[in-house]
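# sequence and predicted structure below; questions after.
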Amino acid sequence: MLDFLGTRQRTNTCGELRAADAGKTVTLMGWVNRRRDHGNLIFLDLRDRYGITQIVLDKEISPEGHPKAEHVRPEYVVAAIGKVRLRGADVINPKMPTGEIEVAATELLVLNDSKVPPFSPAEDAIQNEEVRLKYRYLDLRRPEMQHNLEIRHKVALAVREYLSAQGFYEIETPYLTRSTPEGARDYLVPSRVHPGTFYALPQSPQLFKQILMISGLDKYFQIVRCFRDEDLRADRQPEFTQIDLEMTFPQQETVFRVVEGFLKAAFEVCGEPIVTPFPRMTYDEAIRRYGIDKPDLRLPPMTEVRDVFSAEELASLKIEPGLPIVAIVIPNKTAMSNTQKKAFAQEINAAVAPDLAYLDVERLGSAAQFSALAQRIDAAAAKNCGLARVEPENRLIVVSPRIGATAPARDHLWIYKKAGQLRLDLARRFEGEHKAFEKKGAGDDYKFLWVTDFPFFEWDEETKTWTFAHHPFTSPHESDLIAGRMESDPEAVRALAYDIVLNGLELGSGSIRIHRQDVQQQIFRALGMSEEEAQARFGFFLEALQYGTPPHGGIALGLDRIAMVLAGASSLREVTAFPKTAKAIDLMTDAPTEVSDAQLKELHIRPAVRS
RNA sequence: GGGGACGUAGUUCAGUUGGUUAGAAUGCUGCCCUGUCACGGCAGAGGUCGCGGGUUCGAGCCCCGUCGUCCCCGCCA
């Protein structure tokens, strides 16, 4: 039998009562976390978002409440009315914040019962993520998940407060908008009123925020949902939340200072002080030193070691002399057995084949003819990594191009990228040994980095054309425009585009935009896009550009990813209340689903395939 | 689109070379217990081994297919 709530009100949460509250009469409400039945004495651990408090049902104190407690089960919702009581010295529970007291109930109301849950919110996360997602409401009862959502809330709030104080307005942009089919696939929404036409859910509010700058709103931000119909990853959900901002008359550094400001504020409220400004690195340097455009600075960089090889050494090791040779150090790694080394060598060679090979410096050093070379490589790598020396048992790998290898057309950084992949593979494999990815709590856990000067164009092997590396409204460096490189040397044109990177994770991406119609037309021409095509796709925006567009720029950062890092999680699902699976299914609601024929008819849609 | 890992009780897992009735812990149900806090004690229930097909005298185990979850590559202006 369930009890009615009546006019009862909660007086305290389950996390706040302390020894100083002893003697107070309180009403607590919450979920039964655990029940311990000692016959005439029953303990209930009552849980809510704030914590857990022990309720005692003593047959002598509460002859009516006690029999009710006998039938209470985990996840029942109850109200306990009684007196806060100090626990005896021998029964204080030092593991609980409320462990010095308990509530001696005089009355117990069973407000609701519960089916036996498939897993207990009182325990740590179960392995079976399918079950967690299907019963997400139970999973979210776990303190860990509640804490993660708290982090997310705090970050969003800190960002809002900071940006508002800096003069930014939060302005909403439409979710039902126009499809601009470039880049990611759009989620489409059919129009009922206009048969055969579709809205698209925004991949980002890009054009709207630029138009807000044209409108003179000066500083805009929005914590906004974005949608991309692409395959998922641990750090990619089909709908995700961005901290999106745009400002008028900025230099790159102006944007950097704003972002550094709100990140400092957000990390601060989560108890993780960080140091600003963050280091800057050009794209070119990032690739040469880390082989990737989102370097993880928690591990040492790679070293270009071609200079330490003599011509004879290159020849006898069958290394192509005209190309870079890259050394990778993984510190604090223990030695491997010969069998492990052999298997490892095969694996690595498969990873870098066919144009590249790798040299194990440890092995190189044991051959008399190359021991001096090995020492020179060690020394060069140690110097570059800021180490006193490279320990011999640390895996030091040199990726080298085989004789006859040639760089692919228009990608002279290819060897660095390949080596960079290998560096990350190694880092992941020896994670347990180098421990560089573990939180140390010494204020050194968060390695932020600005990556700047991305190439403006990217060669598309499929279509054999230059395509934009970002979006087509990103401004090139003015000096590259003035020098005429747009026509003479597209590969050398740099974009005023920048990424903010944290521990090897891309947190966000932005740019200074094009504000001049003539430059915009030049870009479209360089991309081989006709005037008509540009008009058809972005006409409304190109029109707006002609009415006094000020120089402007901005950035967007993934709120989910920031929360993920702060929560120490390795998947966005841990910081998203209702996430989707790798196949973009919501296991709780079963979305997406088929819809009725009547609905389809109204939308003028006939599916070609039914599942 | 491609590669990899996994799928056995509600949950976490074990299951030998293919061999009798598929086990443990926990959870669940009932009874007992006045100081537990992962309470304890006794008893009990709980399985289409993801699904379909094949090989075999015999399949949780081997083979093929399929579905699902996770990770990675492609993709993500």
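All right, it came through fine. Computed from a prediction, not measured in an experiment: that's the story for all the values here. Residues are numbered from 1 along each chain as shown, chains lettered A, B, ... in the order given.
# low-confidence stretches in the stretch 451-600 of chain A?
For the stretch 451-600 of chain A, applying pLDDT under 70 flags no range at all.
# which parts of it sit against RNA strand B?
A:458, A:467-472, A:571, A:573, A:581-583, A:585, A:587 (C-beta under 7 Å from any atom of the strand). Backbone N, C-alpha and C define where each C-beta goes, glycine included.
# which of those residues lies at the shortest distance from A:Ala544?
A:Pro472 (14.8 Å; C-beta to C-beta).
# show me what counts as buried in stretch A:173-183.
For stretch A:173-183, burial by neighbour count (16 or more other C-beta atoms under 10 Å) applies to A:Thr173, A:Thr177, A:Ser179, A:Thr180.
# the residues you listed into TSV, with extra columns for secondary structure?
As requested, the buried residues of stretch A:173-183 are arranged in TSV below (DSSP: H, G, I helix; E, B strand; the rest coil):
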residue	secondary structure
A:Thr173	coil
A:Thr177	strand
A:Ser179	coil
A:Thr180	coil
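# just give me the neighbour total for whichever residue of the stretch 301-450 of chain A sits closest to RNA strand B.
Closest residue of the stretch 301-450 of chain A to RNA strand B, C-beta to the nearest atom of the strand: A:Gln421 (7.8 Å). A count of nearby residues for A:Gln421, using other C-beta atoms under 10 Å, gives 14.
# just A:Phe249 next, same as before
Residues near A:Phe249, counting by other C-beta under 10 Å: 12.
# pLDDT wise, what is it at?
Looking at A:Phe249, its pLDDT reads 98.
# contacting residues around it?
A:Phe249 makes contact with A:Pro550, A:Pro551, A:His552 under the criterion C-beta atoms under 8 Å, 6 or more residues apart in numbering.
# what about the nearest residue to the last one once chain neighbours are set aside, distance to RNA strand B?
Distances taken as C-beta to C-beta, 6 or more residues apart in numbering put A:Met213 closest to A:His552, at 3.9 Å, once the chain neighbours are dropped. Counting by C-beta to the nearest atom of the strand, to the nearest Å, the separation of A:Met213 from RNA strand B is 15 Å.
# tell me the mean pLDDT over the host helix or strand of A:Met213?
Secondary structure from DSSP states H and E places A:Met213 in helix A:206-214. For helix A:206-214, mean pLDDT is 97.
# which secondary structure elements does it sit against?
strand A:219-227, strand A:239-248, helix A:531-545, strand A:552-558 (3 or more C-beta pairs under 8 Å, 6 or more residues apart in numbering; DSSP states H and E).
# report the angle between that helix and helix A:531-545.
Helix A:206-214 and helix A:531-545 are oriented at 40 degrees to each other (axes from the mean of the first three to the mean of the last three C-alpha atoms, to 10 degrees).
# what comes up buried for helix A:206-214?
Buried residues in helix A:206-214 (16+ other C-beta under 10 Å): A:Gln206, A:Leu207, A:Phe208, A:Lys209, A:Gln210, A:Ile211, A:Leu212, A:Met213, A:Ile214.
# so which of those comes closest to A:Ile415?
A:Gln206 (34.1 Å).
# hang on, the closest one packs against A:Thr474?
No: the pair A:Gln206 / A:Thr474 is not scored as a contact, 10.3 Å apart, by C-beta atoms under 8 Å.
# ok, now how distant is A:Leu232 from A:Asp425?
From A:Leu232 across to A:Asp425, the span is 22 Å (C-beta to C-beta, to the nearest Å).
# pick out whichever of those two has more residues nearby.
A:Leu232 (17 against 14).
# give me the element A:Ser509 is part of.
strand A:505-512.
# report the angle between that strand and strand A:239-248.
Using the same axes, to 10 degrees: strand A:505-512 against strand A:239-248 is 30 degrees.
# quick one: strands adjacent to strand A:505-512?
When sheet partners are counted by DSSP bridges, strand A:505-512 sits next to strand A:497-502 (antiparallel), strand A:552-558 (antiparallel).
# got a markdown table for these, with mean neighbour count and distance to A:Arg289 too?
Formatted as a markdown table, these follow (neighbours: other C-beta atoms under 10 Å; distance: least, C-beta to C-beta, whole Å):
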| stretch | mean neighbour count | distance to A:Arg289 |
| --- | --- | --- |
| strand A:497-502 | 25 | 13 |
| strand A:552-558 | 24 | 23 |
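# okay, those in a markdown table with distance to A:Asp518 next?
Shown next, in a markdown table, are the strands paired with strand A:505-512 (distance: least, C-beta to C-beta, whole Å):
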| stretch | distance to A:Asp518 |
| --- | --- |
| strand A:497-502 | 20 |
| strand A:552-558 | 17 |
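# before we move on, the earlier item: wait, doesn't the residue nearest to A:His552 sit right on A:Gln206?
No: between A:Met213 and A:Gln206 no contact is recorded; they are 11.5 Å apart, counting by C-beta under 8 Å.
# which element is the residue in the stretch 401-550 of chain A that RNA strand B sits nearest to on?
Residue nearest to RNA strand B within the stretch 401-550 of chain A (C-beta to the nearest atom of the strand): A:His471, separated by 3.1 Å. If you go by DSSP H and E, A:His471 is not part of any helix or strand.
# name the nearest residue to it, sequence neighbours excluded.
A:Gln206 (6.4 Å).
# for chain A, longest helix please?
Counting by DSSP state H, the longest helix found in chain A is helix A:143-165.
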